[in-house]
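[1] Any chance you can model this:
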Amino acid sequence: MMIKANKILAVILAGLLWAGCSSAGEAPDVSGLGEIRAVSREEGSGTRAEFESLTGADGKGTDVIALSADEVISLTAESKNAVGYLAYSSLDESKGAKAVAIDGVLPDRDSIEEDSYPLCRSYYIAYSGELNDVETDFMNYVLTAGQAVIEEYALPVNKSATFLSDKSSGTIKAAGSSSVAPIITVLAESYKEYNPNAEITVEVTDSTQGLTAAMRGECDLALSSRALKDYEEELLTKKAIARDAIAVTVNAENPVTSLTTAQLKKIYSGEAESWQDLF
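    Take a look at the predicted model:
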């Protein structure tokens, strides 16, 4: 009788365990979503380059091009079946788009710092040749006292430190990534408190255009939200100034709360055309 009772108990426990696992892994109800509307950044965007590098996607599944993080948010918010990606530091979930977990991890400061979120990346300032006095002074500020400013937008790469400007005078033209440019704009304003003799302008383009401009001598500092290519590494010197991540967003009413990098590859390579293809 004892053996029979044990067998019955084992069957009951196995059934409970299976039910729990089934519930935990239950797929969201995407029957009302239909075709996927995949929103990508433009060619030349550092965010796009890093996203495709990290997911293995080739962009062929793109339906709509967004020229800024704000446009990614608005396009995702206006379409229940949309999915997009943007800098985590630019995400505003109050506007109708929400971030989803990737491979079970949500983007936040902890997961970026621990590098546990799969779509982490660095922000860079790059330049050609040697920096002049005022450029050197500004770069020293960015990597010391400026790290406290960066912390309000992304993760700093260094601990904030005391900065003493040499008061060099001159102009600096920075150009490139729309993800990095807002941070550099704030840094340029705060730097004036240390050195009012410097004038810094920031032109928002994209990472590739900024790096190309620096190689051509058309700007002093290139702003990049992607890793430099081999030929860019040969011609430019780069400095990492911050860490951020790429957040994947869906419409606030979308029942999907988590995707995998494999599913993102299917979406942005055109292999998955509908939400039902993913679950």
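
[2] Give me the nearest residue to residue 263, chain neighbours excluded.
    Closest residue in space to residue 263, ignoring its immediate chain neighbours: residue 278 at 5.1 Å, by C-beta to C-beta, 6 or more residues apart in numbering. Glycine gets a C-beta too; all of them are placed from N, C-alpha and C.

[3] Distance of the one you found relative to residue 79?
    17 Å (C-beta to C-beta, to the nearest Å).

[4] what do you get for residue 134?
    46 Å.

[5] Same question for residue 118.
    To residue 79, residue 118 is 25 Å away according to C-beta to C-beta.

[6] who touches stretch 207-214?
    The contact list for stretch 207-214, computed with C-beta atoms under 8 Å, 6 or more residues apart in numbering, reads 43-46, 49, 126-128, 174-177, 180, 205, 219-226, 228, 232, 236.

[7] Of these, grab the buried ones for ChimeraX.
    To isolate in ChimeraX the members of the contacts of stretch 207-214 that are buried, counting by 16 or more other C-beta atoms under 10 Å, one can use:
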select :44,45,46,49,126,127,128,174,175,176,177,180,205,219,220,221,222,223,224,225,226,228,232,236
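
[8] Only alpha carbons, please: show the helix or strand containing residue 86 as CSV.
    Here residue 86, judged by DSSP states H and E, is contained in strand 82-87. C-alpha atoms of strand 82-87 as CSV (Å, rounded to 0.1, in the frame of the first residue of the first chain):
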residue,chain,number,x,y,z
ALA,A,82,4.7,48.0,-33.9
VAL,A,83,8.1,47.2,-32.4
GLY,A,84,11.1,49.5,-32.4
TYR,A,85,14.4,50.2,-30.7
LEU,A,86,16.1,53.3,-29.3
ALA,A,87,18.7,54.4,-26.8
